[in-house]
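Colleague: predicted model and sequence below, questions to follow.
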Amino acid sequence: MPIKKDGKLARTPLDVQRSCTDCCCILIFAAALAGLGACIYIAHDKGDITRLESLPDYQGTQCVGKYIFFPQDEGGLNLHKQVCVDACPTASEPVTTILKPFETARRLQGGLVSATQGAGIAETDSLLFGSNPSPQVTTTAETVGEGVQPPSEPEDPFAPQLQETTVVVTTMAPAPPGQVRLQGYPSVPLANVLCFPKVGEFQGQVMGITGSNEFFEIALDINSLTSNAEVLWMAVALAVIIAFVFLCLVEYLGLFLMRLSLAFVVTAPAAIGCYFLAMWYQDETSPIASQIATWSQGYISDDQGLLVAGTVGVGASIIFGLLACCQYSSLVKATEAAQEAADCIMTMPTLLAEPILSLILKVPFIVGGVVLILVLVTSGDYQSVDLTNPSSLFNPDDLALTSAVYATFMFFWLMELLHYISVFVVIYTAETWYFKHYGTSRTNFCGTCGPAVMLSAYCAAVTSHLGSLIFASFLMVTLRIVRWIVKAFLSAQEGLSTNPVTSCIAQALSIFTDACLACVQRILDLTSQVALMDIAYHGDSGFCGATQHALEVIFTDRSQWLAVEGVCLVFIAVGIAGIGAGSCVLTYMITNSFTRYTDIESPNHVSDPREVAVVAGVIGVFLGWTMLHPFITIADTMAYCHGFTAYEEKMSAQ
C-alpha cells in the first residue's frame, strides 16, 4: 500500500475552497418540512399530549396527576375496570374516585346501586360489571332519625326498571355527585402512574398484564434497576476502559488478530462439521438433527439431519479457506487500513465521542418525533379503555392517521440526515489526520486539534454540503422503507399459506429477498460514504459526480474495498462482543466480591447479581457499538486516502 511522501498532497479538507452542492435538494427538503409543520398543527388540533403523561380509567377519563387503581372483586382484582385515585392506599382504607354521570340504561346491567338508596350516592357507570362480580363498594348515606324515612326523589316514568342488588353501605358524610369510594388494599406508586399492590396474589394479577401491555413490563424493570445505579455507572466505566484496550490491541496486534480470526473462521466450521459427521456415523442423536428435520418440513429425517449439518460445516470451511488463500493480500492491506483507523482514533480520541455527541444531537429530534407520532395515533375520543387490550388506546381518524404516517417518514428522514452529518464529520476529520499527521508522532499533534477539526467539519456539512447530505439520506430512508414493506408483505403471504411446500418456498423467498435488499442497502450506504469522502476532500462536487469519480478513479480495486469491509466488520463484532462480555463478567465478579454489594444491610446491596451483570453486559454492548461505530468509516476513509494518494502519484509521474 503506497505511503504518503513528505511534501506531497499537503492540501487537507481544511484548505479547500467550498461551494454549495446539490442546492435543489435543500428546497425540496424545506417543502417536506412545511408538510411536517402541517402535521404538528393537526396534532395540536386533534391530539392531547396529556395522554402521554398518564393513563385513562375504563371510561376514558385521563388520570392526569393521579394513579391508576384496579378495584377488588370476589375474584381478586378487576383488571378491566381501572379507575383514577389521588393517592395509592397504603393499607385497606377506602379510596375515592370520580366517575362520569350515569348516561344510558344500557350501562345499568346488573344495577350496582339503586338511585334512591340515599343522598350523595354516586352513579358507578356499571363499575366492575361484565364477567367479574361487583366489588365491595362503600358509599355515603345521610343519617336519618328513627322512624323518619329518607326523602324520596320524583320518579322518572322513562327510567328503566332495575333489579335489587345488595350493596355494603357505610354511613359517612355526603359525597359530591359522581364520587365513589372503593375498598383499598396495600399498594405502592409505580412510575408515578400505577398503584402496584403489595398483596402477593394481586401482584401476580398485575404482572399478568405485562404479557399484553409492554408499558407495565418496562416500568417494572426500570423500578427494579434504579436501586443499582452505582453498579450500572461502574459498568459504563468498565466498558469505556475495555474499548480503549481493544483499540490498542488492534493498532499494535492487528495482523496477528487478523490471522487468528482467519484461522478460527476456517477451522471452526470444519471442526463442528466433523463432530456432526462422527455422530452420524455412530448413529447418535442430537437436538440439532431434530431441528433441521423440523425446518425441512419432513423432507429430511432425524438421521439425515446430522449428515446435512456436518456436510454444510465442512463445505463452509473449504469455501472460507479458498477465499482466504485467494484474497490474503487484500486482507493484509485491509488490516493495515484497520490499524491506521485505530491509530487515527487513538491520536484523536474525540472521534470516539463523536457518536455520543451525535446521539445527544438526535435526542431532541427523537423525543419530538416520537411525541408527535404518539399524539397523532392516540387522538380521537375514547369510548372505553381496557388496559389488557392496548389497541383500545388508539382511535385516530383518517386525517390524523395519514399525518402520523407522513410524520413517521419525515422522522426517519431526519434521523438519516443527522446520521450522514455525523458520517461526514468523521470522514472530514480522518482525511485531515491522514493528509496532515499520518506517520508523525502523536506528541506532535495538539490535543485541541481534534475538536477544532470536528467543529470545522460540522460547519462545512451544514453551510456547504447540506444538499448532498439530504440527497444521500433520502435515498437511504426510501430504500429502508421499501425493504420493510416488502418484508412485511412476504411475511403476511407466508402466514396465509397452508401448504407445507408453499410455506417453505415462501419462507425461503422471504429470506432471500430480505438478504438481497439488505445487501443493496449496505452497498448504497457504502457508495454514499465514498461520495462524501470525495466531497469532503474536493469541496465542490455534487453527490452523483463525487460517487462516479470515487468509484471509477479511487476504488478501482473492488476486492480491496470489500476486504476492508469484511476485516473491519470482524474486528467490530469481536470488539463489541468482548466489551459486552467483559463488562458482564467484571460486574458480576465485583458485585459478588465486595461487602458493599453483598451485605444485605448495605444501601448498595445487589439482591440479584446475575440480573445486574446481564444489564451491565447490555450496556457494554451498546457503548461498544457506539464507540466503535466510526471505526469502519475511518478504515474506509484510510483506504480512500491511500487510493487517492496512489492516483495523484500516478498522474504526477505521467
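Modeller: Structure's in. What do you need?
Colleague: list the residues that contact residue 360.
Modeller: By C-beta atoms under 8 Å, 6 or more residues apart in numbering, residue 360 lies in contact with nothing. The C-beta positions use only the backbone N, C-alpha and C, and glycine is treated the same way.
Colleague: nope, residue 68 is what I meant
Modeller: 55, 57, 82-84, 193-195, 387.
Colleague: now, which of the residues you listed sits nearest residue 641?
Modeller: Set against residue 641, the nearest of the contacts of residue 68 by C-beta to C-beta is residue 193 (53.5 Å).
Colleague: give me the number of residues near the closest one?
Modeller: When neighbours are defined as other C-beta atoms under 10 Å, residue 193 has 17 of them.
Colleague: what of the one 4 residues further on?
Modeller: When counting by other C-beta under 10 Å, one arrives at 26 neighbours for residue 197.
Colleague: please apply the same query to residue 511.
Modeller: By other C-beta under 10 Å, 12 other residues sit near residue 511.
Colleague: just say helix, strand or coil for residue 380.
Modeller: The assignment at residue 380 comes out as coil when based on DSSP: H, G, I helix; E, B strand; the rest coil.
Colleague: gap between it and residue 309?
Modeller: According to C-beta to C-beta, to the nearest Å, residue 380 stands 53 Å off from residue 309.
Colleague: and the two? Which one has more around it.
Modeller: More crowded of residue 380 and residue 309, by other C-beta under 10 Å: residue 309, with 22 against 17.
Colleague: quick check: chain neighbours aside, which residue is closest to that one?
Modeller: residue 276 (4.4 Å; C-beta to C-beta, 6 or more residues apart in numbering).
Colleague: what's near enough to touch the one you found?
Modeller: 286, 288, 306-307, 309-310, 313.
Colleague: list the buried residues in stretch 362-382.
Modeller: 362, 369, 372-380, 382 (16 or more other C-beta atoms under 10 Å).
Colleague: stretch 344-353 now?
Modeller: 344-348, 350-353.
Colleague: need those in JSON lines with distance to residue 12 and pLDDT, can you?
Modeller: Shown next, in JSON lines, are the buried residues of stretch 344-353 (distance: C-beta to C-beta, whole Å; pLDDT from 0 to 100):
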{"residue": "344", "distance to residue 12": "14", "pLDDT": "85"}
{"residue": "345", "distance to residue 12": "18", "pLDDT": "84"}
{"residue": "346", "distance to residue 12": "20", "pLDDT": "82"}
{"residue": "347", "distance to residue 12": "15", "pLDDT": "81"}
{"residue": "348", "distance to residue 12": "14", "pLDDT": "81"}
{"residue": "350", "distance to residue 12": "17", "pLDDT": "81"}
{"residue": "351", "distance to residue 12": "16", "pLDDT": "83"}
{"residue": "352", "distance to residue 12": "21", "pLDDT": "79"}
{"residue": "353", "distance to residue 12": "21", "pLDDT": "80"}
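Colleague: stretch 609-617: which residues count as buried?
Modeller: Within stretch 609-617, the residues that qualify as buried by neighbour count (16+ other C-beta under 10 Å) are 609, 612-613, 615-617.
Colleague: just to revisit the earlier point, so which of the contacts of residue 276 belong to helices?
Modeller: By the criterion of DSSP state H, membership of the contacts of residue 276 in helices covers 288, 306-307, 309-310, 313.
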